[in-house]
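1. coordinates for the following, if possible.
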Amino acid sequence: LYVPVHALDHVTRYTGGSPESAPWHRLGTEQWARARRRAAERLRDVAAELLDLYSRRAARQGRAVAFDETAYRAFEAAFPFEETVDQHDAIEAVLADMRSGRPMDRVVCGDVGFGKTEVALRACFAAVSGGRQVAVLVPTTLLAQQHAQTFADRFADWPVRVENLSRFRTAAEQQAVIQGLAAGTVDIVIGTHRLLQRDVSFRDLGLVVVDEEHRFGVGHKERLKELRADVDMLTLTATPIPRTLNMALGGLRDLSLMTTPPAERVAIETFVSEWSDSLVREACLREIRRGGQVYFVHNTIEDIEACAQKLQRLVPEATVRVGHGQMRERDLEQLMLDFYHRRFQILVCTTIIESGIDVPTANTILIDGAHRFGLAQLHQLRGRVGRSHHRAWAYLLAPPPAALPPDAQKRLEAIESLEDLGAGFTLATHDLEIRGAGELLGEEQSGQIQEIGIGLYLELLD
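-> Residues are numbered from 1 along each chain as shown. Below you'll find the predicted structure:
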């Protein structure tokens, strides 16, 4: 293509998705001008609002957190494992942010089981010691419960009140927690979206921890920032969504990477295969014979019972039970506890386990219809196994490659090839390429950038 020299300062490389999906615009028509105009219109009030918020955060003096170093060292010493180098660096970066007097906005990206929770615990200790309250936002009631237990155990020797706010609590219990937050008697609250409702107010909120950010909508996250422009924000994620990754790489948010696996962790063997009765039976039996348990993910509730019966016929040696989000909370809670205590061998479930409880004895997962899941979801689900020093297996069951859409094919190839420990960040960058970058400040997770490319998008935003 011949381009006059004077026009070169307007030629930028197109980055906004995979080359095959890049839109073509015919020269001599209005197509390109229209696309550009549309994008400019869509960089609307949300951008102004968010820019206002980010500039307020940058200009505002937050409250530097001051805490007793001796007490902090005692809390640190109670951590039962050895810190990895990355974990140590992430903790130091978070504490430095909190001491700086500028509101923190840090993303800690580390694989499932790489010790992100401990980073959050240290930050919470610092905030509470400095007299501030902490809100920990998690995507599922099960995870809220598990975190509440972990936090209660870790703070057992300290005068810190930890509460859980989710559907598992009765209305009276929820009300008591909300009153405690407003009065300042609750130091740390762990909850689901319930925490973002308008009836929840804090006496002195200092730190918000968001676990598994990709499970929350943009609206939820902005409601969080609205809560207080001067609170410290700490985001924990295994696979940041393209938009978050973009913001971190573009310098709008700070990023800490945790890629060092804990000692004795072994990579998860990952296979992509078509459904075969013999493969499914063999995978289940091998796990059960070594005393382990199996997750079988089937994400449609309508025929999940039929799927469980089929599995029971294939593996009569095992006890099979079913779990999904439409069950009564108490039943689901009991089911997960039974699985944790090894009262049955195979759990057939929906993606409710995606950010679920930690079961060290479950080291094989089969994902039915894997082509229908997103990359972050597949990585999260795979991370449910391999939590101990045993070798773990993940089987992604999908139709033959020829029958799949190109994006689904790419996702399965990416997850199969990246089975090393610490692959979450690499997977997120693949996701950035497959899905497109997502509007940096708009409400779409991907969209306008796809049409005009990130270079021009940023120029227009500027």
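
2. poorly predicted segments of the stretch 151-300 of the chain, please.
-> The stretch 151-300 of the chain contains residues with pLDDT under 70 at 213-215, 217-218, 221-222, 224-229, 239-253, 260-266.

3. which stretches in it count as strands?
-> Taking DSSP state E, counting those that start in this stretch as the test, the strands found in the stretch 151-300 of the chain are 162-165, 188-191, 205-211, 232-237, 254-258, 268-273, 293-297.

4. equivalent analysis for the stretch 301-450 of the chain, please.
-> Counting by DSSP E, counting those that start in this stretch, the strands of the stretch 301-450 of the chain are 320-323, 346-349, 362-368, 392-397.

5. before we move on, what about the stretch 1-150 of the chain?
-> For the stretch 1-150 of the chain, the strands defined by DSSP E, counting those that start in this stretch cover 105-110, 133-137.

6. report the angle between the last one and strand 232-237.
-> In this case it means strand 133-137. For strand 133-137 against strand 232-237, the angle by axes from the mean of the first three to the mean of the last three Cα atoms, to 10 degrees is 30 degrees.

7. still on that earlier bit, just put the strands of the stretch 301-450 of the chain in CSV and tack on distance to E287.
-> From N, CA and C alone the C-beta is placed, and that goes for glycine too. What follows is these, written out as CSV (distance: least, Cβ to Cβ, whole Å):
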stretch, distance to E287
strand 320-323, 13
strand 346-349, 9
strand 362-368, 4
strand 392-397, 7
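
8. redo those strands as a markdown table? Include mean pLDDT.
-> Below are these laid out as a markdown table (pLDDT from 0 to 100):
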| stretch | mean pLDDT |
| --- | --- |
| strand 320-323 | 93 |
| strand 346-349 | 94 |
| strand 362-368 | 92 |
| strand 392-397 | 89 |
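
9. got a markdown table for the ones you listed, with mean neighbour count and distance to W158 too?
-> Below are the strands of the stretch 301-450 of the chain laid out as a markdown table (neighbours: other Cβ atoms under 10 Å; distance: least, Cβ to Cβ, whole Å):
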| stretch | mean neighbour count | distance to W158 |
| --- | --- | --- |
| strand 320-323 | 20 | 34 |
| strand 346-349 | 25 | 35 |
| strand 362-368 | 25 | 32 |
| strand 392-397 | 23 | 35 |
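
10. looking at those, which is nearest to V119?
-> Taking Cβ to Cβ, strand 392-397 is the member of these nearest to V119, at 23.7 Å.

11. contact partners of the closest one?
-> 266, 268-275, 279-280, 283, 286-287, 363-370, 378, 381-382, 385-386, 412, 415-416, 419 (Cβ atoms under 8 Å, 6 or more residues apart in numbering).

12. strand 293-297 and that strand, what's the angle between them?
-> With the same axes, to 10 degrees applied, the angle from strand 392-397 to strand 293-297 works out at 30 degrees.
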